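A.B. asks: starting from these lines, generate the structure:
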Amino acid sequence: MKKILIAIAVTSTLAITQGCASQIKSEPSTQTQASASTVDDPNNNSNHHAGHETRDITSKENSQQGHSGHDNHGGHGNSQNSKAANAAANLSIDGSLTPKNPVNLVIDVKDKSGKAISNFDISHEELMHLIVVSDDLQFFNHIHPTYKGNGRFEIKTAFPKPGNYTLFTDYKPAGKPQEVSVLKAQVPGQISTVPTQVDTTSSKNIGNTKVNFNLSQPVKADEEVHLVFNLQDAKNNQPIKDLQPYLGELGHLVIVKQSSSLTSSDYIHNHAMKDTPGEVHFMTAFPEPGKYKLWGQFKRNGEILTADFWVNVQ
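C.D. replies: A predicted model of the protein is given here:
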């Protein structure tokens, strides 16, 4: 099978307040480690992921157990808490990178000296959140690679069409701040030249659920804002009462700024606030003016609902 090596494009650190730092230890990986180059992110000056969950897990074997955890923050951006990156990630792809063809992504996480990081804290029920978006922001996927040990994560996934893709790898080395390493992948083929459509719709039906998106105020750069999602039954427009926790929260929110070249400063991963009956609230701040796409994720009837909206930030 042909192996394609794709180098890391950007790395950045998202600093968060340290909570009860639990660790997961790995056994050495027996796989051959892929080589790739690393380029530091010139824009690692922002923190968009405040809030995390840790669990008491001390070995690879019991990492799959369902220990109950805790959340320290509602989660919102804070550009004042950034620090230099403590880790970086390399990406290699096993298989032919073609549209709709599942391939195995191999992500190796190393420290600043190039040594594999073996121990990670669990953040919102996972060791790594992998956010895959097409650079035109028309495709979105939130997946969770499997930890293989010795700093290596793997997952099989597919890219739907030719074009450039950005992969935000969100993880937390044990006892260290949250990290986001930004990886790049290019799927060969004829790339569409049709301009990205900005849909201003504020209400969408996802299956049997109607998702209404509301802003508490006009959105300005560097100002905290409430983002409110009101979920109703699509059949009768009544508020739903059977929303289930998703990754330990009532909802997750990923925000990416429309940009010609996506970097870590264009990425926000936010978690729902507590105690907001009948609605799901997020609080965040957008770092710069521009157009941002939001993907709100919720769980109902055992299914993950993903609703996307656009916000224009002044």
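A.B. asks: going forward, measure contacts between C-alpha atoms and count neighbours the same way
C.D. replies: Will do.
A.B. asks: burial check on residue 292, number of neighbours?
C.D. replies: 21 (other Cα atoms under 10 Å).
A.B. asks: let me know the pLDDT of it.
C.D. replies: Note for residue 292: predicted pLDDT of 97.
A.B. asks: before we move on, what about the one 10 residues further on?
C.D. replies: Per-residue confidence for residue 302 comes out at a pLDDT of 93.
A.B. asks: at the geometric centre of this protein, which residue sits there?
C.D. replies: Centroid-nearest residue in the chain: residue 131, 4.1 Å away (criterion: Cα atoms, centre = their mean).
A.B. asks: partners of the helix or strand hosting that residue, with directions?
C.D. replies: According to DSSP states H and E, residue 131 maps onto strand 128-134. Strands that pair with strand 128-134, judged by DSSP bridges, come out as strand 140-143 (antiparallel), strand 163-171 (antiparallel).
A.B. asks: including mean neighbour count, could these go into JSON lines?
C.D. replies: Shown next, in JSON lines, are these (neighbours: other Cα atoms under 10 Å):
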{"stretch": "strand 140-143", "mean neighbour count": "16"}
{"stretch": "strand 163-171", "mean neighbour count": "22"}
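A.B. asks: for those strands, which one sits closest to residue 208?
C.D. replies: For residue 208, the closest of the strands paired with strand 128-134 is strand 140-143, at 20.7 Å, according to Cα to Cα.
A.B. asks: list the contacts of the closest one.
C.D. replies: 129-134 (Cα atoms under 8 Å, 6 or more residues apart in numbering).
A.B. asks: name the residues of stretch 195-212 that are buried.
C.D. replies: The neighbour-count check on stretch 195-212 (16 or more other Cα atoms under 10 Å) flags 203-204, 209-212 as buried.
A.B. asks: with stretch 230-239 instead?
C.D. replies: Applying 16+ other Cα under 10 Å to stretch 230-239 flags 230-234 as buried.
A.B. asks: so which of these comes closest to residue 298?
C.D. replies: Closest to residue 298, out of all of those and judged by Cα to Cα, is residue 231, at 9.5 Å.
A.B. asks: so the closest residue to the closest one other than its chain neighbours, which of the three states?
C.D. replies: Among residues not flanking residue 231 along the chain, residue 211 sits closest, at 4.8 Å (Cα to Cα, 6 or more residues apart in numbering). Classification of residue 211 using DSSP: H, G, I helix; E, B strand; the rest coil returns strand.
A.B. asks: and residue 211, how far from residue 305?
C.D. replies: 9 Å (Cα to Cα, to the nearest Å).
A.B. asks: same question, residue 248
C.D. replies: 15 Å.
A.B. asks: quick one, strands of the stretch 151-300 of the chain?
C.D. replies: Using DSSP state E, counting those that start in this stretch, the strands found in the stretch 151-300 of the chain span residues 152-157, 163-171, 178-187, 203-206, 209-215, 224-233, 243-244, 252-257, 267-271, 280-285, 290-300.
A.B. asks: would TSV of these with distance to residue 112 be doable?
C.D. replies: Shown next, in TSV, are the strands of the stretch 151-300 of the chain (distance: least, Cα to Cα, whole Å):
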stretch	distance to residue 112
strand 152-157	16
strand 163-171	15
strand 178-187	12
strand 203-206	43
strand 209-215	40
strand 224-233	33
strand 243-244	39
strand 252-257	27
strand 267-271	22
strand 280-285	29
strand 290-300	31
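A.B. asks: next, give phi and psi for the residue lying closest to residue 241 once chain neighbours are set aside.
C.D. replies: Nearest non-adjacent residue to residue 241, counting by Cα to Cα, 6+ apart: residue 278, 7.3 Å away. Torsion angles at residue 278 (phi, psi; degrees, to the nearest 10) stand at phi 80, psi -10.
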